[in-house]
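Visitor: Got a sequence here, can you build the structure:
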Amino acid sequence: MAWIVALLVAAGAALVIQNLLMVQITSTVSTVLITLLVNSAVGFVILLGLLLGRSGLAGIGEMFGALRYWSVLPGVLGSFFVFASICGYQRLGAAATISVLIASQLVVGLGVDAVRSGGVAVSSVVGVVLLVGGAWLVASR
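Guide: Here you go, the predicted structure:
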């Protein structure tokens, strides 16, 4: 359990660093689309290399076999998230952007958990209210 928490903490820190670097890249090019494309291309090359190293060309065949009409949605949503994050970092700053993103993720996540399990604990709702209130305080400066 502790290693998962450590992994999530590292991923959270990496996301802040990634967004700061992407804001820097965006300030040197004509459009945020270039930054998004570079980010996606690097991820594609790394993941393709890992897949080929693990499964060879059979992995590519399996990937194409797993494609469904809705398979593009995670990529679209992920690109939207990165685009929104860059815009937020540029216009609101890191803390405000992160607080709004986390609060919105928590609200939706709690809703998903409530639907899946048929309810949520009162303490979870209180936690969400506190986090949303804190996000509002951070974002409203």
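Visitor: all strands of this structure, in order?
Guide: In the chain, no segments count as strands under DSSP state E.
Visitor: domains of it?
Guide: Dividing the chain into domains by automatic domain parsing, as the record does, gives the ranges 1-91, 94-141.
Visitor: Let me know which of those domains is tucked in deepest.
Guide: Between the domains of the chain, domain 94-141 has the highest mean count of neighbours, a mean of 14, where neighbours are mean count of other C-beta atoms under 10 Å. No exception for glycine: its C-beta is placed from N, CA and C like everyone else's.
Visitor: Could you give the average pLDDT over that one?
Guide: Taken as a whole, domain 94-141 carries a mean pLDDT of 92.
Visitor: Check stretch 40-56 too.
Guide: Throughout stretch 40-56, pLDDT has a mean value of 96.
Visitor: I'd like the numbering to begin with 190 instead of 1 from here.
Guide: Yep, numbering from 190; the last one is stretch 229-245 now.
Visitor: Run the chain-centre distance for it.
Guide: For stretch 229-245, the separation from the chain centroid amounts to 19 Å (computed by C-alpha atoms, centre = their mean, to the nearest Å).
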